[in-house]
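[1] Below is the sequence, then the predicted model.
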Amino acid sequence: MTSAATASVSQSPPKVRLASGSVGGSAYEVKAHREAPGGRSTRPCLSVFLDGAKGSISVGGTTCGPLTPFGSMFGVSTGEGKRRRTVWPMAYEPAVRRVKLGLLGHPDVVVPLTLLSWHKSRKAGLRRFRYGVLAISGPFCLTHTTTFDVHGGVIRDADEMIC
């Protein structure tokens, strides 16, 4: 009788690229994936890598969460003061078409959202959602968010945030 050993290999869920670019000389990449293999398809994880530039450290982070009622967003920053670079990915339910971000120290920014393609949705094992990325240089503070539907109607005007 022969005994066969079985090894359990932990696999990370497949990731799909949502965006990449550069902000203030720092390259960044944003990806989406499930929390774990077999995890819930309605709770996408957003991962960011932001390369440090000119003496700043490279940073990364991940957040996972539901798309309703508020959406999912977080920021990753490197550098200080005017050399600060921040990448702020966000994910919302498909009905949300754009987000207006109130930023202390900057004019309000409207971020159009992109619908995750069927191909990327299948690859990552996620339900389709809308996403966007804000990449910004310099210090700032998020003061409020407002989400809009396809007709420009307000879906949710979030409470003011304290900076």
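    Arrived safely.
[2] Please identify the buried residues of stretch 102-116?
    Residues of stretch 102-116 classed as buried: Gly102, Leu103, Val111, Leu113, Leu116 (neighbour count, 16 or more other Cβ atoms under 10 Å). Yep, even glycine has a C-beta here, placed from its N, CA and C like the rest.
[3] and what of stretch 141-151?
    Applying a neighbour-count criterion of 16+ other Cβ under 10 Å, one finds Leu142, Thr143, Thr145, Thr146, Thr147, Phe148 buried in stretch 141-151.
[4] Nearest to Thr78, out of those: which one, please.
    Checking these against Thr78 by Cβ to Cβ gives Leu142 as the nearest, at 17.3 Å.
[5] isn't that closest one right up against Leu101?
    Yes. Between Leu142 and Leu101 there is a contact at 6.1 Å, judged by Cβ atoms under 8 Å.
[6] Give me the common contacts of those two.
    The overlap between the contact sets of Leu142 and Leu101 (Cβ atoms under 8 Å, 6 or more residues apart in numbering) consists of Trp88.
[7] The residue nearest the centre of the chain: helix or strand, and which one exactly?
    The centre of the chain sits closest to Pro89, judged by Cα atoms, centre = their mean, with a distance of 2.7 Å. Using DSSP states H and E, Pro89 maps to strand 85-92.
[8] Return the list of helices and strands in contact with that strand.
    For strand 85-92, the contact count by 3 or more Cβ pairs under 8 Å, 6 or more residues apart in numbering; DSSP states H and E identifies strand 16-23, strand 26-33, strand 45-50, strand 72-73, strand 76-78, strand 98-104, strand 130-137 as packing neighbours.
[9] and with 6 Å instead?
    Packing contacts for strand 85-92, counted by 3 or more Cβ pairs under 6 Å, 6 or more residues apart in numbering; DSSP states H and E, involve strand 26-33, strand 45-50, strand 76-78, strand 130-137.
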